[in-house]
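Next input, structure requested:
(4 chains)
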Number of protein chains: 2
Amino acid sequence: MKHITIKDIANYLSISVSTVSRALIDDKNIRRETKEKVLEAATLLGYRPNPVAANLKYGRTNTIGVIIPEGITPFALQIISGIQSVLYPKGIKVIIAESSEDAGKELENLRMMERFMVDGILINLCSYKANKEEYLRLRKAEMPMVFYDRIPHGLDVSQVIVDDYKKTFFLIERLIRSGRRQIAHIQGPDDIYNSVERFRGYKDALAKFNLPFREELVVQTGMTFNDGVRAADLLLSRQVEFDTIFAFTDVLAIGAMNRLRELGKKIPEEVGIASFSGTELSTIVYPQLTTVEQPLFEMGRTAALLILERINDFTSPCRSVVLDAAIKMRASTDSKEC
Amino acid sequence: MKHITIKDIANYLSISVSTVSRALIDDKNIRRETKEKVLEAATLLGYRPNPVAANLKYGRTNTIGVIIPEGITPFALQIISGIQSVLYPKGIKVIIAESSEDAGKELENLRMMERFMVDGILINLCSYKANKEEYLRLRKAEMPMVFYDRIPHGLDVSQVIVDDYKKTFFLIERLIRSGRRQIAHIQGPDDIYNSVERFRGYKDALAKFNLPFREELVVQTGMTFNDGVRAADLLLSRQVEFDTIFAFTDVLAIGAMNRLRELGKKIPEEVGIASFSGTELSTIVYPQLTTVEQPLFEMGRTAALLILERINDFTSPCRSVVLDAAIKMRASTDSKEC
DNA sequence: CATTTCTCTGGGAACGTTCGCGGGAACGTT
DNA sequence: AACGTTCCCGCGAACGTTCCCAGAGAAATG
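Numbers count the residues shown, from 1 in each chain, chains lettered A, B, ... in the order given. As a prediction, this is how the structure comes out:
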């Protein structure tokens, strides 16, 4: 693609490049007349500014990186929509890298972002423990970073989250209030902080209603659909009664639900299913899932706003934004109280 | 972020910037000794090359744009993984824009990509008719483009697709062979060429077995989950018997399936469901969907390879790659012949 | 030993922009 | 009439690289 530059316009009008630049940049040191002449010529010649050159000047790339743990579910993409809705209008590019739930790959992605010289990074972690030194190094190198959804522990950074503990607590509370007593839990991996928090919410909610916490009702597993399937099998093999399953994510819940149905269990009559997420998955399965619906688009939006803040002023204090999330009672737990 | 430049290395070693550049760029006009010295100093000082500067020189941005019609389903993201697997190792950034099935937004996205000065664009269209003039203009301006999945009509461009007609034909053929006779079709929008092709495959397959084509068994609709729900309703309201539904996409199929089940129909005993896609959605629903499984990752990979070809030599002839797709018979049509 | 070739290095222009500086013209103020 | 201001505009440096050109010295050739 051949591009016409500011210099071409200057030649065309026999004026200097500086004046052209000033006209285009809306500098005040220019006569209205000449400015109009330049703009006219610009459209006539089909001029498109070359951001690369300007960025070189400013030492920016106008690019920010997003690192996501997985890209199979719609989760990431909805958040990314939110991010882009803020950044694209500002002329900032967004590049995405996926870690496949692998801390090693996450590290690679961080390095790649650095190589690409992004102006900042938005991160959804694989593990809240991994790559800590790298994040410390980046922080020291003054790389603007904002974490969202899955955040690190003991690192003073900007972040945007929902209150996993509280929301889980409320969800379990409502399940109990609607008559469910034997609530099993499919727990996520240990190294995801949200998993720890949701587990805590689950336990405390049981305690509030004086329901016993029973180890046999808890299964810890991974993040995939098949992990959900296996979790259901494991739960059944323990020969302990349960009338509800609360799963760490949509995907796990759906895996478990499908397995149970395959084995002839009626949902929600014999077993109710609830989860925590906010993707469309929870409404395209049958029956629709009771879930804590996180505001994903909004989460992306605020993360993007935070990173802009951070880029503009690295010395500003880190901010932690907690978003609200709605509890949606749906057919999978057959609650009357929608 | 303060960055170490090539000049810093030059000062540090009291040599010229040119030599440093040569050392880093693996130029042959340099003594092995000095080259090693430079590399050593580079790692010592923590030098990271600034791609922006180099790109300015070369007139490239090392960025390619991807325009997708929608981002709710995993469809797009799986293809994007394939694209990134080729481009990221080459140091090429990938930016993504979503058109929300809206041709106007698609046009906006094209303009944005141009503003960002991407080196090339990978496109999955909203409509095969829309924005034609814009694509012609871009082509004339020598913007490298590759279309995939949903392609334009009557435009000489590089593209990567699967054979919608043939694969649909084979799928319907197998459904008929497994005993299904009254196959309904949920058709996609008119302005998506794949929809037209799949419809054609459906019709011709019926014809091959001397089964009557019945208008009442075809519903044309949109692309969303709810469109699938509505299509099922419409089909039922026509009071015509059918033992199978073949839907344009996974999402439509799932919408219809859930609606039917809600109304008490047994899947697959009373109605079988089949679709065309290749996302994980077809295997996380219950029962799992019979479907034409497109090789999405591979599609992304080849699209990326084609765009590289095009960027390196715009004069090379446009290529059209047709990928194979597997027909997966699953529980939703209860076929014995998995 | 003289000449050519080769190897390596430094200088400086170029990529497309922005911006500080200086200066000329026009204007207003004493 | 002399001076200070303001308004515009051009010049040139700068951002971090690459690369062409020239040249110094070494090596090879006669």
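
just checking, A:Arg238 touches A:Glu216?
Yes - counting by Cβ atoms under 8 Å, A:Glu216 is a contact partner of A:Arg238 at 5.1 Å. Quick note: C-beta positions are derived from backbone N, CA and C, even for glycine.

between those two, who's got more neighbours?
Neighbour totals were compared for A:Arg238 and A:Glu216, and A:Arg238 leads with 15 against 12 (other Cβ atoms under 10 Å in any protein chain shown).

The more buried one and A:Thr333, how far apart?
22 Å (Cβ to Cβ, to the nearest Å).

A:Lys90: how many residues sit nearby?
Using other Cβ under 10 Å, A:Lys90 has 9 other residues around it.

Check what pLDDT it gets.
Listed pLDDT for A:Lys90 reads 91.

A:Val118 too?
You'll see A:Val118 listed with a pLDDT of 94.

check contacts around it.
A:61, A:63-65, A:95 (Cβ atoms under 8 Å, 6 or more residues apart in numbering or on different chains).

And A:Ile68, by the same measure?
Neighbouring residues of A:Ile68 by Cβ under 8 Å, 6+ apart: A:76, A:79-80, A:96-99, A:124.

Check A:Leu235 too.
A:Leu235 makes contact with A:184, A:186, A:217, A:219, A:242, A:245, A:256 under the criterion Cβ under 8 Å, 6+ apart.

Give me the mean pLDDT for the helix or strand harbouring it.
Using DSSP states H and E, A:Leu235 sits within helix A:225-237. Averaged over helix A:225-237, pLDDT sits at 97.

ok, and for that helix, which residues are buried?
Buried residues in helix A:225-237, counted by 16 or more other Cβ atoms under 10 Å in any protein chain shown: A:225, A:227-232, A:235-236.

Name the nearest residue to A:Ile246, sequence neighbours excluded.
Careful, residue A:246 is Phe; it's not Ile. A:Ala274 (4.8 Å; Cβ to Cβ, 6 or more residues apart in numbering or on different chains).

I figured that neighbour hits A:Lys328, correct?
No - with contact defined as Cβ under 8 Å, A:Ala274 does not count as touching A:Lys328 (9.5 Å).

Now whichever strand or helix holds A:Ser85: buried residues?
A:Ser85 is part of helix A:74-87 when elements are defined by DSSP H and E. Within helix A:74-87, the residues scored as buried using 16+ other Cβ under 10 Å are A:74-84, A:86-87.

if we can go back for a sec, will you turn the buried residues of helix A:225-237 into TSV that also has distance to B:Asp27?
Formatted as TSV, those follow (distance: Cβ to Cβ, whole Å):
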residue	distance to B:Asp27
A:Phe225	51
A:Asp227	51
A:Gly228	55
A:Val229	56
A:Arg230	56
A:Ala231	57
A:Ala232	61
A:Leu235	64
A:Leu236	66
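
which one of these is nearest chain B?
Nearest to chain B out of the buried residues of helix A:225-237 is A:Phe225 (Cβ to the nearest Cβ; 5.1 Å).

which residues touch the closest residue to A:Ser277 other than its chain neighbours?
The shortest distance from A:Ser277 to any non-neighbouring residue, by Cβ to Cβ, 6+ apart, is to A:Asp250 (4.0 Å). By Cβ under 8 Å, 6+ apart, the contact set of A:Asp250 is A:73, A:275-277, A:279, A:281-282, A:289, A:291.

same deal with A:Phe248?
Per Cβ under 8 Å, 6+ apart, neighbours of A:Phe248: A:186-188, A:194-195, A:198, A:275-276.

What parts of the stretch 1-150 of chain A come near chain B?
By the rule Cβ under 8 Å from any Cβ of the partner chain, the part of the stretch 1-150 of chain A lying against chain B is A:1-3, A:48-53, A:55-56, A:59, A:61, A:63, A:71-74, A:76-78, A:80-81, A:84, A:88, A:91, A:93-98, A:112, A:114-117, A:141-143.

Now which of those residues would you call buried?
So, by 16+ other Cβ under 10 Å, the buried ones in these are A:1, A:49-52, A:55-56, A:61, A:63, A:71-74, A:76-78, A:80-81, A:84, A:88, A:93-98, A:112, A:114, A:116-117, A:143.

Keep the residues you listed, but drop any that are not near DNA strand C.
Of the entries in these, the ones placed beside DNA strand C under the rule of Cβ under 7 Å from any atom of the strand are A:49-50, A:56.

Tell me how many other residues crowd the residue nearest to A:Phe246.
30.

Now the residue of the stretch 51-200 of chain A found nearest DNA strand C: which helix or strand?
Residue nearest to DNA strand C within the stretch 51-200 of chain A: A:Ala53 (3.3 Å; Cβ to the nearest atom of the strand). If you go by DSSP H and E, A:Ala53 is part of helix A:51-58.

ranges for the helices of the stretch 151-300 of chain A?
Ranges of helices in the stretch 151-300 of chain A, per DSSP state H, counting those that start in this stretch, are A:164-177, A:193-208, A:225-237, A:250-262, A:281-284, A:296-312.
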